[in-house]
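Student: sequence and predicted structure below; questions after.
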Protein chains: 4
Amino acid sequence: MSAPRSQRLFDALFTTEKMRNVFSDRARLQGMLDFEAALARAEARAGMISSAAAKAIAAQCRADLFDVSALASATALAGNPAIPLVRELTARVTSSDTEDALAGRTWLQQGPPVTLGLKAATWLSALERHRERVIRTRRSVATLQFGGAVGTLAALGDQGANVAEALALELDLALPDLPWHAQRDRVCEVATTLGLLTGTLGTIARDVSLLMQTEIAEALEPGAPGRGGSSTMPHKRNPVGSAVILAAAVRVPPLVATMLAAMVQEHERGLGGWHAEWETLPEICMLTAGALARAIEIVEGLQVDPQKMAADLEITHGLVMAEAVSMALAKYLGRQSAHELVEKACALAAREKRHLREVLAADARVTKHLSKAELDRVLDPAGYTGQAAAFVSRVLASRGREKAMKRT
Amino acid sequence: MSAPRSQRLFDALFTTEKMRNVFSDRARLQGMLDFEAALARAEARAGMISSAAAKAIAAQCRADLFDVSALASATALAGNPAIPLVRELTARVTSSDTEDALAGRTWLQQGPPVTLGLKAATWLSALERHRERVIRTRRSVATLQFGGAVGTLAALGDQGANVAEALALELDLALPDLPWHAQRDRVCEVATTLGLLTGTLGTIARDVSLLMQTEIAEALEPGAPGRGGSSTMPHKRNPVGSAVILAAAVRVPPLVATMLAAMVQEHERGLGGWHAEWETLPEICMLTAGALARAIEIVEGLQVDPQKMAADLEITHGLVMAEAVSMALAKYLGRQSAHELVEKACALAAREKRHLREVLAADARVTKHLSKAELDRVLDPAGYTGQAAAFVSRVLASRGREKAMKRT
Amino acid sequence: MSAPRSQRLFDALFTTEKMRNVFSDRARLQGMLDFEAALARAEARAGMISSAAAKAIAAQCRADLFDVSALASATALAGNPAIPLVRELTARVTSSDTEDALAGRTWLQQGPPVTLGLKAATWLSALERHRERVIRTRRSVATLQFGGAVGTLAALGDQGANVAEALALELDLALPDLPWHAQRDRVCEVATTLGLLTGTLGTIARDVSLLMQTEIAEALEPGAPGRGGSSTMPHKRNPVGSAVILAAAVRVPPLVATMLAAMVQEHERGLGGWHAEWETLPEICMLTAGALARAIEIVEGLQVDPQKMAADLEITHGLVMAEAVSMALAKYLGRQSAHELVEKACALAAREKRHLREVLAADARVTKHLSKAELDRVLDPAGYTGQAAAFVSRVLASRGREKAMKRT
Amino acid sequence: MSAPRSQRLFDALFTTEKMRNVFSDRARLQGMLDFEAALARAEARAGMISSAAAKAIAAQCRADLFDVSALASATALAGNPAIPLVRELTARVTSSDTEDALAGRTWLQQGPPVTLGLKAATWLSALERHRERVIRTRRSVATLQFGGAVGTLAALGDQGANVAEALALELDLALPDLPWHAQRDRVCEVATTLGLLTGTLGTIARDVSLLMQTEIAEALEPGAPGRGGSSTMPHKRNPVGSAVILAAAVRVPPLVATMLAAMVQEHERGLGGWHAEWETLPEICMLTAGALARAIEIVEGLQVDPQKMAADLEITHGLVMAEAVSMALAKYLGRQSAHELVEKACALAAREKRHLREVLAADARVTKHLSKAELDRVLDPAGYTGQAAAFVSRVLASRGREKAMKRT
């Protein structure tokens, strides 16, 4: 990937729309023209051609002289490489409705409760790591590749080093230690970094689409005219954003494998492997950008139903709270005895389809230590979320620290 | 991946033998036992169990009590995370035979000459980048994952944070902002980092195996008893090390895709995706370690044939040097005229199967400016390697700077 | 893959246990020894060595002479290549509980009802296709590969064709038109065929694990001691079989990609690509066999809860039946008017959280044509399963036809 | 994939140009319109709407009414599903220059000789198998998928079966036993079949590009104006066709993995997996079609240099013929003695850089049995191609038999 493209690419990681522009035929043409103009100026700096000649060349290096369809203004591409999804998620994690407890779920089975804030904080924490990976990769890939036919710059005589340096300056790229046409690790790291990011977006989309199931409906993607459902099925809210993200999460990993497999390139310029990159990397970028755009919409407009969350926590008639009861009784009965008591109570409740509260309230060994009110408190999911709040605070604090550091 | 394993894993990136130990049934068992012992000690620190109880538990946490086959001493696993391949390559790049020019090759066709040193320096430069990626990834993955059933540590009551902190200390792992069971980016980054590294090893192996072809034979993998060839085919030197590396370069990219696809995990603990990692990540590690071991052997013992390199540069009867001639004549005739003259001379040489030198020596426009000796010099591949030496120095210098920085 | 192995492989597609045997070190050794013995006998037939020599050679070709750990009797490997899963599914599809209607689900949202029998019939129909693919692939891959160093059999002089023919006879393999060492399509087709099969198994496991969710619980994997759940979470029934299948469905596709990528092999015997197959194909076979074994258990012991299915069909308060009402009214009001009437009724029911039945029963345009009993019938999911029963019969009939054909 | 598309797709497997048309926006639109028109006619046949209504609907189902850019006439898409590459390869295999012997190569090292005809015959034989796979897959995928919202056709009342049957007739598709929206094996088999084909094309391209290397140059892709090379490098003949094919062989396998992974679809209509197919299958088809088109050009215009082949067979100074000598002497000295004699002669030849002929001619044990002329004959590669000619005849004969069968 030519370096100026790489920079624009990361700037454009906001929207698929912009990404399409970066990889449009016209933008690709302009990218090549930009390179030619910069090369001319670099040769002028090195005294190889006159300054006037460089200017004349540069004047011709405009894609619009080549009659391609109009391109959105390049200024639209300028921007902040920060991923807005982090901002949206931070906003959500700090909102009040994220204190609601909902069922934790492992293997798609309910377990002890978590909070929606904790769920979102695990996403936020991962996205912070991805943001750092994206920034680092951007820096790594924004490196000049300029080596002539076989990487020696021999055709430039003794001006090779000078022209390369001037060209890197012109294009605002890092000057590498040597040309790297057949060493694709920098370019390929763009693919792996975006692959990791798409995986996290996929896990967000999977969770949201599972929470949106008709039978669960604890959280919904934002509604929009013409989105999901149909006139005769107004109950339906299709997870259309999640579908786009999940499709990306299916498609990107094999495309990353293509990029890695294509690294095995022959000698100074490879055959086939190099060509395999041309459409694959843009596809990875566009799929990731599309998934990001949808994830932002979902996080921003997620509709949460705390009542349904609470109701679903009652489906097991208190069994998901067995661990909490066991913990509470351990203080009085010792771990082992408490565990055995609760184990039997759970079995009895399951067998007779009674609520665990009822079974426990009928057991003298329990009532001896826990009053009815205390038992209610122990069985309240909201009171058994462990370090959830502390973990959320820690994630937000590290965000805050970082922001503060940036302001300084 | 449990964190202590991750550390050992990177320490063991030297040899497949050690890697096998890290992923052996017994080592996996011991890894789990180590965790249990550390957890007991952490709970003791937090005052949740007595110190004596922690010791008693730890005393039982030895895999050898579980009767599995003997494990190579753990001390063998200690070591330096530096990749010895970098050291071997540095040694080669600084050796004298790397100044030999051999044909640059693009699309498997000969172009202007490069030096073997430049070729090796492009590998070295990429491996330096991989070394940094491996170090960074090692740091990132060596992070405690400890969250109880659903990531809240609720079962530990108000001691959750304390136990987690003590456990991280015990295991010498970083304490993360929050548990991350369903957020696999750290673990998956091990896969992508090793995927990138294997790609570079693959490109080295491809080059070596191409250079080893019977018809080219410019460089050979080190010979070893029983390696390649057969008694009746003593000419044969099978690229057995390259075969292992190339097989890894075919197998690892799809395995990385598996890891990325498996990131889409459900809620607090996923179904299927998580299970897909168990054998895949060890496989990636072992394939990479095996490829690394072979690459070290190849680089260390590579046999170079400068005579064959020189002979192959004569196959085109001087045509690969056309660019050099064009450059030399441009000073006298101007770029355009020089180019046209050389273009015609090349066509004539190709048509009449004569050497380019001969055609040029018969052209008065050439001999007017270049004596026979000058023409010989222009057509000498060793004189047309551009910035090759400078690039090599730059790569070595950055190695040197780094070493110096480490000494300080 | 050597041909006798391929046959055993498909015979062993029943259980992972047998598959492990096929790919054990010992079985691989015996496979090579079998080949040597057969080759000796073939050379004897062609008069190249004496019959006594062939016998002496064969006598030595026993893996047990080579002191490897005991192998399950080869007779256990004999068997029927039919996939027992087809039999189990047929049994289920013909069982009475498959007439229960449950919600059809698209995009994880409820739609009109289907029957469990229809769901299982779509699986059965796909598995029948896979069975044919497996049989065809088995036939295709059971083809002799025997060509000497470069595929000419030159070392056998004028006996090459004879020995090849006799060897194919000995090994009970098809004789190909020519040796095919570098043409891997037959071997690779094993991978693609099993890849397709694993995809279908994955979709079965996904459906089952979604139906098993605590909140849905319409169908459960068979319970087994020590499976899923824990003593304090007796409500939990972890989809452990589905987890194994889903992990296989994540892992197999990239391994198929490895096999396809490895097809690009050089000249008469490739480098790297060929080596990449060695562990990859066994892995695909074992993962598929493991997934098959789990799928059989799941289908055989699936526990269905018709009450929960019926209850879940009421979650939308009749909205999933809107299409049925629209159809029923169309006879009296015309399509367009009926559609508009139902659309408004649905919107009203959703807005006021009332049951669609109640809204419709209050509309004179409806009651004019449909009595209360008729409206109840129209809104009964069991009455709106369209061609479900006919489709199931058709799938079973084609199974029956086939069986009858085989008896003849 | 809608079924009429599938048919056109396979008809269009000739050229990328046509393939692009099949997957153009307009063609996709027309495909949908075709389906709507056929459905209207089917409903008319079943008496559900009037014939006039069906006609009126069909009249509107024209993509050109929707103002999209012109589409190449559909008649251009009609054609013969046979793969022209088979025809071209057959022509080559029967041409005289394929009797030339060239070095067999294993692990990129020279071994005993093969003939170019044998090499091409192994390709032809594989392509014949692919042709059968393509025909079979075409038949399998050309199956109606029509099931309404959830696969029951409930909205068509008791006319569901009739409409489906009529629709299959209208669209000239097979009527399946039941709708199969979430069972993707038929569609996915298109991907695996083309994946296998691309692998074979890749191995052809790899061989050709290796034979084209400047140092080997035994065969060349057809030259074309503007192809490969440059004015100052007239020796260069870039393997541009092979590059396209090899890039496809790198890109297609992971795309096949995408299709297989996407098979795991939820319930009656999946989320994400289904969407992942939309661009992936067209991409596989276009890459395969492009690779096929290039392969046809390469096979049709392949330029062979028998002199260079012969010269390269002399590079090892006779060592590649050691096996032949050993075979010839075995008749007189016995296998073991002959082998030992030749082994020593080879070692001596290699050590002293002499030709094997010379070493053997100086050995009385050899000259006792073989005259100089006989030794020359034994060392002649053309005389040691084993069953090459017979294998080629067998491949051609099976082609012939098939043709004859078709004429009948």
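Tutor: Structure received.
Student: from here on, contacts and neighbour counts on C-alpha atoms
Tutor: OK.
Student: how close does the closest residue to residue A:379 other than its chain neighbours get to chain B?
Tutor: Nearest non-adjacent residue to residue A:379, counting by Cα to Cα, 6 or more residues apart in numbering or on different chains: residue A:321, 5.9 Å away. Per Cα to the nearest Cα, to the nearest Å, residue A:321 is found 11 Å from chain B.
Student: help me confirm that residue A:321 comes into contact with residue A:104.
Tutor: No: using Cα atoms under 8 Å, residue A:321 is not in contact with residue A:104; the gap is 11.2 Å.
Student: which residues do these two both contact?
Tutor: residue A:112 (Cα atoms under 8 Å, 6 or more residues apart in numbering or on different chains).
Student: element containing the residue in the stretch 301-408 of chain A positioned nearest to chain B, please.
Tutor: Relative to chain B, the nearest point of the stretch 301-408 of chain A is residue A:386 (3.6 Å; Cα to the nearest Cα). Using DSSP states H and E, residue A:386 is not contained in any helix or strand.
Student: show the contacting residues for the residue nearest to residue A:379.
Tutor: Counted by Cα under 8 Å, 6+ apart, residue A:321 has contacts A:112, A:379-381.
Student: and which of these is nearest chain D?
Tutor: Using Cα to the nearest Cα, these come closest to chain D at residue A:112, 26.5 Å.
Student: what number of residues lie near that closest one?
Tutor: 29 (other Cα atoms under 10 Å in any protein chain shown).
Student: part of a strand, is it?
Tutor: Yes: checked against DSSP: H, G, I helix; E, B strand; the rest coil, residue A:112 lies within a strand.
Student: I'd like the distance between it and chain B.
Tutor: With Cα to the nearest Cα as the criterion, residue A:112 and chain B are 7 Å apart.
Student: can you give me the strands for chain A?
Tutor: Applying DSSP state E to chain A gives strands spanning A:101-106, A:109-115, A:219-220, A:303-304.
Student: among those strands, which is nearest chain C?
Tutor: strand A:109-115 (5.3 Å).
Student: in a markdown table, list the strands of chain A along with mean pLDDT.
Tutor: A markdown table is the format used below for those (pLDDT from 0 to 100):
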| stretch | mean pLDDT |
| --- | --- |
| strand A:101-106 | 94 |
| strand A:109-115 | 95 |
| strand A:219-220 | 95 |
| strand A:303-304 | 94 |
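Student: which single one of the contacts of residue A:321 is nearest to residue D:336?
Tutor: residue A:112 (75.8 Å; Cα to Cα).
Student: thought that closest one was touching residue B:153?
Tutor: No: assessed by Cα under 8 Å, residue A:112 is found out of contact with residue B:153, at 10.2 Å.
Student: what residues are up against residue A:256?
Tutor: A:191-192, A:195, A:284, B:253, B:257.
Student: do that again at 6 Å, thanks
Tutor: residue A:191 (Cα atoms under 6 Å, 6 or more residues apart in numbering or on different chains).
Student: quick check: it vs chain C, distance?
Tutor: To chain C, residue A:256 is 11 Å away according to Cα to the nearest Cα.
Student: mind checking pLDDT for that residue?
Tutor: Residue A:256 is assigned 98 on the pLDDT scale.
Student: separation between it and residue D:254?
Tutor: With distances taken as Cα to Cα, to the nearest Å, residue A:256 is found 9 Å from residue D:254.
Student: picking up where we left off before, could you list which of the contacts of residue A:321 belong to helices?
Tutor: Using DSSP state H, the subset of these located in helices is residue A:379.
Student: by neighbours, which of the contacts of residue A:321 wins?
Tutor: Across those, neighbour numbers were computed from other Cα under 10 Å; residue A:112 holds the maximum, 29 neighbours.
Student: was I right to think that one contacts residue A:318?
Tutor: No: the criterion here is Cα atoms under 6 Å, and residue A:112 misses it with residue A:318 at 10.1 Å.
Student: show me what contacts whichever residue of the stretch 1-150 of chain A sits closest to chain B?
Tutor: Nearest to chain B, among the residues of the stretch 1-150 of chain A, is residue A:106, at 4.3 Å (Cα to the nearest Cα). Residue A:106 makes contacts with B:268-269, as judged by Cα under 6 Å, 6+ apart.
Student: swap in 10 Å and give it another go.
Tutor: A:112, B:149-150, B:182, B:265-271, C:236, C:238 (Cα atoms under 10 Å, 6 or more residues apart in numbering or on different chains).
Student: from those residues, list the buried ones, please.
Tutor: With burial judged by 16 or more other Cα atoms under 10 Å in any protein chain shown, the buried subset of the contacts of residue A:106 is A:112, B:149-150, B:182, B:265-271, C:236, C:238.
Student: those in helices, which ones?
Tutor: Among the buried ones among the contacts of residue A:106, no member falls in helices (DSSP H).
Student: need the residues you listed in TSV (columns: distance to residue A:126).
Tutor: Listed next are the buried ones among the contacts of residue A:106 as TSV, based on distance: Cα to Cα, whole Å:
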residue	distance to residue A:126
A:112	23
B:149	20
B:150	17
B:182	10
B:265	13
B:266	15
B:267	14
B:268	14
B:269	16
B:270	16
B:271	20
C:236	29
C:238	27
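Student: nothing else from me, thank you.
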